[in-house]
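J.: The sequence and its predicted three-dimensional model are supplied below.
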Amino acid sequence: MRAKLPVVVIVGRPNVGKSTLFNRIIRRRVAVVEDTPGITRDRLYAEAEWHGQKFTVVDTGGIVFGEDDPLSEQIRVQAQIAMQEADVILFLTDARDGLNPDDMDLANRLRGTTVTPAEEQSRNESERRPRLFVVVNKSDHPGRDLVANEFYALGLGDIFPVSGLHGRGVADLLDEIVAVLPESNPLADEREEIPLAIIGRPNVGKSSMVNAFTGEQRMIVSEIAGTTRDAIDTVLEYRGERFRLIDTAGIRRRGKIQGTVEYYMVDRAQRAIERAECALVVIDGSEGLTDGDKRIAKIAHDAGKACVFAINKWDTKEPPDGCPRQKSPLKKDLLQIIHDQIPELGYAPAAFTSAKESAGLEPVLDTVLRAVENYSFRISTGQLNRLVQEAVFARPYTSKGKALKVYYSTQVSTRPPTFTLFVNDPDLMHFSYERYLLNQIRRAFPLEGTPIRLAVKASHKREGR
Ligand code: GDP
Ligand code: GDP
């Protein structure tokens, strides 16, 4: 699984030299072509490397604004993106212009949400605030460094005079940057085992399925005391992965608990899902889809977990041995029913099993593995922006005479994949358009088995004036 690279974001008012410094850091000449508004902006991000440390650089100057967007809007968007995404913020200023009111504006937006070098000593390890460097660009020769001193007035700590154009001071700056970059992003994936909740109505065959898994020679099994009072988890090794099957012991002891079956069933499923990454929703294929199945499946969806259906007892549906095996139309019908009746789980795949005959066990675990991999899916900022911009370009959205603009998109987390779009006005975003964008993402990346989430943020705060 791909870990996210640390992110360095360059902010600063226009013409201070953001893209010049960006190009120098990535050591590449990027043709700065006039972007068609709303279409690819490759100038925005690139991967860079310094002393073996890789990171992503974002040039917020690459964001294309409309002609009617004021500079203050641009500064707000920059500040927000920096605070949302950056491990390091390079606050770029211009030694030739000296300190400027727009610099002050940006400084005020960044203050308090970042860590300046001076504050580094008292920095709390657990909090993840970006590190801020005030970089005074166009310090082409030492004579200019005197001017640079006036940027101490920003009150953001030490300053770094550089010349993006000639390279002066850039190596020293990069040394400082890589020294503070996190080794790996906190979003990086370090999973040791896959917690899998096996849930479903009573008698659909959950415990039979666990028993069938444990009876298979290729699946190595051990029982480990779980964290909750009465749960004993079963650990299963399959294709080099460890699955922790959650709550199966409780399910095995189901005989003790009678009566409020519905309450018990939902409660049990909920508690199992809390600890899981993926839910295996077992359905009794001989009965078809019931209301209880739907309720259970929705629990997995609402919890934002990966989800796979196991349509069990399929032995009761297959023609007996000796009969000509034709592709059973029933399978397709049942899948259709599931997707029609639980539309929010349209992403959840299904596998057909017979716990009784130990059939379909490997396919169901393979399906779970794919779902879990998708659950940790990560897309690069560049790819995501291109995708979203193209989607918006193909179908622009206007409401009450105002066009929705998406300035920038980024994936903020995995498990499940969650994307944030910075837009001019979140009130313009209609759920049908949100669904359109999610569908476009799924067209490019089907992400079978995992929910994906979209958050919309204002690129500016309403200041209540
Ligand atoms: P951006 O709008 O912040 O991305 O700024 P650009 O990178 O497009 O640069 C604006 C202008 O400043 C261009 O004419 C650059 O050539 C010039 N410039 C950028 N860096 C330096 C520098 O270090 N020294 C000097 N003298 N000019 C620079
Ligand atoms: P649970 O309550 O979901 O754990 O269900 P059990 O595993 O206890 O199974 C309930 C009943 O269904 C038992 O009588 C099982 O023998 C039967 N059963 C489970 N799986 C299958 C299957 O794949 N095919 C058939 N025909 N019966 C099954």
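T.: Perfect, I can see it now. Ligands and ions are numbered 1, 2, ... in the order given.
J.: Spell out which residues of the protein are next to ligand 1.
T.: Residues of the chain found near ligand 1 (CB under 6 Å from any ligand atom) are 12, 14-20, 61, 137-138, 140, 163-165. Where you see a C-beta, it was placed from the backbone N, CA and C, and this is true even at glycine.
J.: for those residues, which one is nearest ligand 2?
T.: The shortest separation between ligand 2 and any of those is 58.5 Å, and it belongs to Gly61 (by CB to the nearest ligand atom).
J.: can I get the CA coordinates of stretch 368-382 in CSV?
T.: These are the backbone C-alpha positions of stretch 368-382, laid out as CSV (Å, rounded to 0.1, in the frame of the first residue of the first chain):
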residue,chain,number,x,y,z
VAL,A,368,-12.6,-9.4,1.4
LEU,A,369,-8.9,-8.8,0.6
ARG,A,370,-9.8,-6.7,-2.4
ALA,A,371,-12.3,-4.7,-0.4
VAL,A,372,-9.8,-4.1,2.4
GLU,A,373,-7.2,-3.0,-0.1
ASN,A,374,-9.6,-0.5,-1.6
TYR,A,375,-10.6,0.7,1.9
SER,A,376,-7.0,1.9,2.3
PHE,A,377,-6.9,3.4,-1.2
ARG,A,378,-4.9,6.5,-1.8
ILE,A,379,-4.9,8.7,-4.8
SER,A,380,-2.3,11.3,-5.5
THR,A,381,-3.4,14.9,-5.2
GLY,A,382,-2.5,15.5,-8.8
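J.: what about it, distance to the chain center?
T.: Centroid separation for stretch 368-382 versus its chain: 8 Å, with CA atoms, centre = their mean, to the nearest Å.
J.: and Met209, what helix or strand is that in?
T.: Using DSSP states H and E, Met209 sits in helix 206-215.
J.: mean confidence for that helix?
T.: When pLDDT is averaged over helix 206-215, the result is 86.
J.: And it, what does it pack against?
T.: Using 3 or more CB pairs under 8 Å, 6 or more residues apart in numbering; DSSP states H and E as the contact criterion, the elements in contact with helix 206-215 are strand 194-200, strand 232-238, helix 248-252, strand 306-312, helix 361-375.
J.: and the next helix or strand after the second one, which strands flank it?
T.: Right, strand 232-238. With elements assigned by DSSP H and E, the helix or strand that comes after strand 232-238 is strand 241-246. Based on DSSP bridges, the strands next to strand 241-246 in the sheet, each with its direction, are strand 194-200 (parallel), strand 232-238 (antiparallel).
J.: Pull out the CA atoms of the first one and give them to me as CSV.
T.: It refers to strand 194-200. Written as CSV, here are the backbone C-alpha positions of strand 194-200 (Å, rounded to 0.1, in the frame of the first residue of the first chain):
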residue,chain,number,x,y,z
ILE,A,194,-7.4,-7.4,9.0
PRO,A,195,-10.2,-7.2,11.5
LEU,A,196,-13.2,-8.8,9.9
ALA,A,197,-16.7,-8.8,11.5
ILE,A,198,-18.8,-11.7,10.4
ILE,A,199,-22.4,-10.5,10.9
GLY,A,200,-25.8,-11.5,9.9
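J.: ok, and what's touching it?
T.: Counting by CB atoms under 8 Å, 6 or more residues apart in numbering, the neighbours of strand 194-200 from elsewhere in the structure are 206, 209-210, 241-248, 251, 268-269, 272-273, 275-284, 293, 296, 299-300, 305, 368-369, 372.
J.: what angle sits between that strand and helix 206-215?
T.: Computed by axes from the mean of the first three to the mean of the last three CA atoms, to 10 degrees, the angle separating strand 194-200 from helix 206-215 equals 140 degrees.
J.: again with the last one
T.: Using the same axes, to 10 degrees, the direction of strand 232-238 lies 50 degrees away from that of helix 206-215.
J.: how about strand 232-238: buried residues?
T.: 232-234, 236, 238 (16 or more other CB atoms under 10 Å).
J.: so that strand versus helix 361-375, what angle?
T.: 100 degrees.
J.: Distance from the chain centre to strand 232-238, please.
T.: Averaging C-alpha coordinates over strand 232-238 and over its chain gives two centres that are 27 Å apart (CA atoms, centre = their mean).
J.: next one: the first one
T.: Centroid separation for strand 194-200 versus its chain: 22 Å, with CA atoms, centre = their mean.
J.: quick one: stretch 292-312 to chain centroid distance?
T.: Between the mean C-alpha location of stretch 292-312 and the chain-wide mean there is a distance of 21 Å, by CA atoms, centre = their mean.
J.: neighbours around the nearest residue in space to His430 that is not next to it in sequence, how many?
T.: When the adjacent residues along the chain are set aside, His430 lies closest to Ser399, with 6.7 Å between them (CB to CB, 6 or more residues apart in numbering). Summarising burial for Ser399: neighbours were counted as other CB atoms under 10 Å, giving 13.
J.: correct me, but Ser399 touches Ser432?
T.: No - the pair Ser399 and Ser432 fails to qualify as a contact (CB atoms under 8 Å) at a distance of 10.9 Å.
J.: just for the stretch 351-465 of the chain, where's the confidence low?
T.: Screening the stretch 351-465 of the chain residue by residue with the criterion pLDDT under 70, one finds the ranges 459-465.
J.: re the thing from before, can you tell me which of the buried residues of strand 232-238 is closest to Asn100?
T.: Asp233 (60.3 Å; CB to CB).
J.: partner residues bridging the closest one?
T.: According to DSSP bridges, the partner residues bridging Asp233 are Ile224.
J.: Tell me the spacing between it and Asp366.
T.: 21 Å (CB to CB, to the nearest Å).
J.: The helix holding Met209 and ligand 2 in contact?
T.: Yes - contact of helix 206-215 with ligand 2 (CB under 6 Å from any ligand atom) involves 206-208.
J.: Which members of those residues are classed as buried?
T.: Burial by neighbour count, judged by 16+ other CB under 10 Å, picks out 206-208 from those.
J.: Tell me the one of those nearest Thr414?
T.: Of all those, the one sitting nearest Thr414 is Lys206; the distance, using CB to CB, is 27.9 Å.
J.: I'd like to know how far the closest one sits from ligand 1.
T.: Computed with CB to the nearest ligand atom, to the nearest Å, the distance linking Lys206 and ligand 1 is 59 Å.
J.: Could you do Pro202 as well?
T.: In this structure, Pro202 and ligand 1 are separated by 64 Å, where distance is defined by CB to the nearest ligand atom.
J.: Let me see the contact set for the residue nearest to Ala355 when sequence neighbours are not counted.
T.: The shortest distance from Ala355 to any residue other than its chain neighbours is 3.7 Å, reached at Ser208 (CB to CB, 6+ apart). With contact set as CB under 8 Å, 6+ apart, Ser208 has these partners: 312, 355-356.
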